[in-house]
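Colleague: sequence-free structure coming up:
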């Protein structure tokens, strides 16, 4: 493992930061530090990604053996123009370069953080920016591009097509993706030389014990259920899942419920409330018990660069049911033989009927998924890839 | 360990299962099974179908048509278990009844407003379509003969 000096730059960081990029940053930073590298995390005082308000005190603290430096967030510049530009981007309407910069000004920024990167550019061998979409990455990388590694957590979305991101990807010293399909997407979108890209990702460990019966008892659940876990929002396709499931129950006699875990508002049609239960945010332990108890974990999102919940569910013994138009989760399922894919309602219905009706299918898929995570996404495997990736970019020993 | 991930673990073959599923869907489509399904709300939620600005306008119009009607009906409030589960559920029920009592008038007015706006937007869109079609037709008609 490289023994260099690395600084991770993330818009928020902490024990209670639940976003996938933050979990990835923390897992990799702590393991690099444990292997002997000098690791720091440069982040903001924000905790909430909706408002980016300063929450933590600026200064230094040690989290998981890593030196964390927090800098205050600049006054947000979100005005009517920002909302208008955001709307145009999401509708695929091209912006001028000046408009893109004005839109980026509305993202999360910290001038003291950028000043620190400039002052400390010789102190670190590399700055690792995670994820691509935020101001701290876009502006921070401009300070020392020759020392900047980008860990994009890239999705195939309208934002990814902005010219400022194309320049950012092209200027980076190297790109470290979470999965091969994400890397292929980056190469395709930005015309990158594949030699400047690598796959790192993160690792997962099975829990010592899963208690599916305890979960069922606690929530009074008797029959089979499909599980959704994660942020409930349009961008994650949660409304589509709710609609598909409502239709499934309307036209099928199968005794199946849909349980929703996580944060965010969720609207369940009145006639489907008998079949769909929203349990909201639950403790980590209960979430893993829910994975073990469910018929399958459904991941309908198209915007995934890895999908932590899919990996966790496989380790807990649940198969996946994913949207076939998501390059990453579809690839995981096909490579692992760990889950089924749907692209429209009829496909969704047939997948559920197969999972309910074919004896042994759930277990066989879950076993395939588990083997895949153990082989490709154990921490050992992930950190080996990280070591090779950093070596490829001239950082430390392979 | 290499950067090339292994493909096709032991056990089930997902590709083969997906082929079977696709065949079943094709047979059911041919038999007209899905024709009796109400899939009207699905199209507006399938974001993956939205590829261009024109698609997005179509998508937005569908969503407006499906969401203007605020659902003011009651919904089941269940206990989430534990010692505080039942009292919490009871408290939520009381709060909901009070909220509904005090906000029903406001939401009814909002619903009426939403309905008028949704109709106006749909009507404007139809008018725009007609004018664009007329302009296109007029342009073609006005072209000099070759």
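Modeller: Sure thing, it's come through. Because the structure is a prediction, the values reported are computed rather than measured.
Colleague: how far out from the middle of the chain is the top helix by length along chain B?
Modeller: Longest helix of chain B, by residue count under DSSP state H: helix B:85-142. Using Cα atoms, centre = their mean, to the nearest Å, the mean C-alpha position of helix B:85-142 is found 14 Å from that of the whole chain.
Colleague: I'd like to know which elements that helix is packed against.
Modeller: helix B:53-67 (3 or more Cβ pairs under 8 Å, 6 or more residues apart in numbering or on different chains; DSSP states H and E). (Glycine included, C-beta is placed from N, CA and C.)
Colleague: tilt between the helix it packs on and helix B:85-142?
Modeller: On the basis of axes from the mean of the first three to the mean of the last three Cα atoms, to 10 degrees, helix B:53-67 is oriented at 130 degrees to helix B:85-142.
Colleague: list the buried residues for helix B:53-67?
Modeller: B:56, B:58, B:59, B:63, B:64, B:65 (16 or more other Cβ atoms under 10 Å in any protein chain shown).
Colleague: that one packs against which elements?
Modeller: With contacts defined as 3+ Cβ pairs under 8 Å, 6+ apart, the packing partners of helix B:53-67 are helix B:42-45, helix B:85-142.
Colleague: closest one to chain A out of the buried residues of helix B:53-67, please.
Modeller: Chain A lies nearest to residue B:56 out of the buried residues of helix B:53-67, by Cβ to the nearest Cβ, at 4.4 Å.
Colleague: residues near the residue nearest to that closest one when sequence neighbours are not counted, how many?
Modeller: Take residue B:56 and drop its neighbours on the chain: the residue closest to it by Cβ to Cβ, 6 or more residues apart in numbering or on different chains is residue A:91, 4.4 Å away. By the measure other Cβ atoms under 10 Å in any protein chain shown, the count of residues near residue A:91 is 17.
Colleague: for residue A:91, give me the pLDDT.
Modeller: As predicted, residue A:91 sits at a pLDDT of 72.
Colleague: I figured it hits residue A:85, correct?
Modeller: No - if you go by Cβ atoms under 8 Å, residue A:91 and residue A:85 don't touch, sitting 10.9 Å apart.
Colleague: let me know the closest of the buried residues of helix B:53-67 to residue B:81.
Modeller: Of all the buried residues of helix B:53-67, residue B:81 sits closest to residue B:63, with 35.6 Å by Cβ to Cβ.
Colleague: spatially, which two of the buried residues of helix B:53-67 are the most separated?
Modeller: Spatial extent of those (Cβ to Cβ) is set by the pair B:56 and B:65 at 15.0 Å.
Colleague: can I assume residue A:144 is in contact with residue A:127?
Modeller: Yes - taking Cβ under 8 Å as the definition, residue A:144 is a contact partner of residue A:127 at 6.3 Å.
Colleague: please compute how far stretch B:38-47 lies from its chain's middle.
Modeller: Put simply, stretch B:38-47 sits 4 Å off its chain's centre (Cα atoms, centre = their mean).
Colleague: typo on my end, stretch A:212-231
Modeller: The mean C-alpha position of stretch A:212-231 is separated from the chain mean by 23 Å, Cα atoms, centre = their mean.
Colleague: list the buried ones in that stretch?
Modeller: Buried residues in stretch A:212-231 (16+ other Cβ under 10 Å): A:212, A:215-216, A:218-219, A:221, A:224-230.
Colleague: cool, stretch A:375-385 as well?
Modeller: Neighbour counts using 16+ other Cβ under 10 Å place A:376, A:377, A:378, A:381, A:382, A:383, A:384, A:385 of stretch A:375-385 among the buried residues.
Colleague: could those residues go into TSV alongside secondary structure and distance to residue A:47?
Modeller: Shown next, in TSV, are the buried residues of stretch A:375-385 (DSSP: H, G, I helix; E, B strand; the rest coil; distance: Cβ to Cβ, whole Å):
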residue	secondary structure	distance to residue A:47
A:376	helix	32
A:377	coil	27
A:378	coil	30
A:381	helix	31
A:382	helix	26
A:383	helix	28
A:384	helix	32
A:385	helix	30
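Colleague: in TSV: the residues you listed, plus distance to residue A:134.
Modeller: Shown next, in TSV, are the buried residues of stretch A:375-385 (distance: Cβ to Cβ, whole Å):
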residue	distance to residue A:134
A:376	27
A:377	24
A:378	29
A:381	28
A:382	23
A:383	25
A:384	28
A:385	24
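Colleague: check those residues and tell me the two furthest apart.
Modeller: Farthest pair in the buried residues of stretch A:375-385 (Cβ to Cβ) is A:376 and A:383. Separation: 12.5 Å.
Colleague: quick one: the lowest-mean-pLDDT helix or strand in chain A to helix B:53-67, angle?
Modeller: Scoring the helices and strands of chain A by mean pLDDT, DSSP states H and E places helix A:80-90 at the bottom, with a mean of 85. Put simply, helix A:80-90 runs at 110 degrees to helix B:53-67, going by the same axes, to 10 degrees.
Colleague: output the buried residues of helix B:53-67 as a markdown table; include the columns pLDDT.
Modeller: Formatted as a markdown table, the buried residues of helix B:53-67 follow (pLDDT from 0 to 100):
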| residue | pLDDT |
| --- | --- |
| B:56 | 70 |
| B:58 | 74 |
| B:59 | 72 |
| B:63 | 74 |
| B:64 | 80 |
| B:65 | 77 |
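Colleague: which parts of chain A belong to which domain?
Modeller: For chain A, the structural domains run A:5-203+A:378-392, A:212-376, going by automatic domain parsing.
Colleague: what is the helix or strand hosting residue A:335 packed up against?
Modeller: Take DSSP states H and E as the rule and residue A:335 turns out to sit in helix A:327-336. If contacts are counted by 3+ Cβ pairs under 8 Å, 6+ apart, helix A:327-336 sits against helix A:180-190, helix A:308-316, strand A:320-323, strand A:339-342, helix A:361-376, helix B:14-30.
Colleague: identify all contacting residues around that helix.
Modeller: The contact list for helix A:327-336, computed with Cβ atoms under 8 Å, 6 or more residues apart in numbering or on different chains, reads A:156, A:178-182, A:184-185, A:299, A:301, A:304-307, A:310, A:314, A:320, A:322-324, A:338-341, A:368-369, A:371-373, B:5-9, B:14-15.
Colleague: contacting residues for the residue of the stretch 101-250 of chain A found nearest chain B?
Modeller: Of all residues in the stretch 101-250 of chain A, residue A:240 sits closest to chain B, at 4.3 Å by Cβ to the nearest Cβ. Shown in contact with residue A:240 (Cβ under 8 Å, 6+ apart): A:300, B:42, B:45, B:46, B:47.
Colleague: kind regards, and thank you for your time.
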